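Asks: Take a look and give me a structure for this.
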Amino acid sequence: MTPAELNALPSPHFWRHISCCLYEQLVLLGVIALTFLLPNLGLGILFDVSLPSWLTFFYLYSVLGIYFVWYWTKSGQTLAMQTWRVRIIGPSGRNLTKRQAFWRYIYGSLWLIPCVLLQWAFHLEKWQIIEMLFTVALLIWPLSLYLDRRAPSLRQSLPDRLAGSRLVVLPKSVAPSRHPD
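Replies: All right, here's what the predicted structure looks like:
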């Protein structure tokens, strides 16, 4: 599809957004298992060493950032986005640049701030933290679509508006893009 054709496509509705996010969480479990759990288990078993929590957080945040930036700049779609026929494009209708993808990832991570504040305010522990993370990431954050007052077919979530990117729904007849435009 041409950039002009991509720009003319509608935005995903709320439930497609939620479904894509949920599927993305499942895909990320595999990414985390491969890039995070295996090395940390190896460190713990072989050397009886565990990384400090702050270093673990930044390592995991970086790994996930690389995953998203790579997919968004290469094809405009992560594996979950391909399944749900959702694509991220820049203002010109082309794939995001690395800089745009990096900022989209940073803005897309802002949902962590209310989670940290809630955890601190209510002294949440263990499963309560995980439940809160899923609730905020899968339900509350996508509700930012409704802060956009444009027509429903043009609405974008807060991270996309801040980054200047746009999610679009591809027609059924379009195969997932494997190469940058």
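
Asks: tell me which residues of the helix of greatest length in the chain are tucked away?
Replies: Counting by DSSP state H, the longest helix found in the chain is helix 53-74. Using 16 or more other Cβ atoms under 10 Å as the test for burial, helix 53-74 gives 63-65, 67-69, 71-73. For the C-beta atoms, the positions are set from N, CA and C on the backbone; glycine is no exception.

Asks: Could you export the residues you listed as CSV, including pLDDT and distance to Val136?
Replies: As requested, the buried residues of helix 53-74 are arranged in CSV below (pLDDT from 0 to 100; distance: Cβ to Cβ, whole Å):
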residue, pLDDT, distance to Val136
Val63, 94, 21
Leu64, 93, 16
Gly65, 96, 19
Tyr67, 96, 20
Phe68, 97, 18
Val69, 97, 22
Tyr71, 97, 23
Trp72, 97, 22
Thr73, 97, 27
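
Asks: Out of those, which comes closest to Leu167?
Replies: Nearest to Leu167 among those is Trp72, at 10.7 Å by Cβ to Cβ.

Asks: Let me know the pLDDT of Pro180.
Replies: pLDDT, Pro180: 49.

Asks: Show me what the lowest-mean-pLDDT helix or strand in the chain is packed up against.
Replies: For the chain, using mean pLDDT, DSSP states H and E, the weakest element among its helices and strands is helix 127-135, scoring a mean of 76. Contacts defined by 3 or more Cβ pairs under 8 Å, 6 or more residues apart in numbering; DSSP states H and E place helix 127-135 against helix 112-122.

Asks: Averaged pLDDT, the helix it packs on. What do you get?
Replies: Helix 112-122 comes out at a mean pLDDT of 82.

Asks: Repeat that for stretch 152-161.
Replies: 88.

Asks: What lies in contact with it?
Replies: Stretch 152-161 is contacted from outside by 10-11, 13, 17, 88, 104, 107-108, 110, 141-142, 144-148, 165-167, using Cβ atoms under 8 Å, 6 or more residues apart in numbering.
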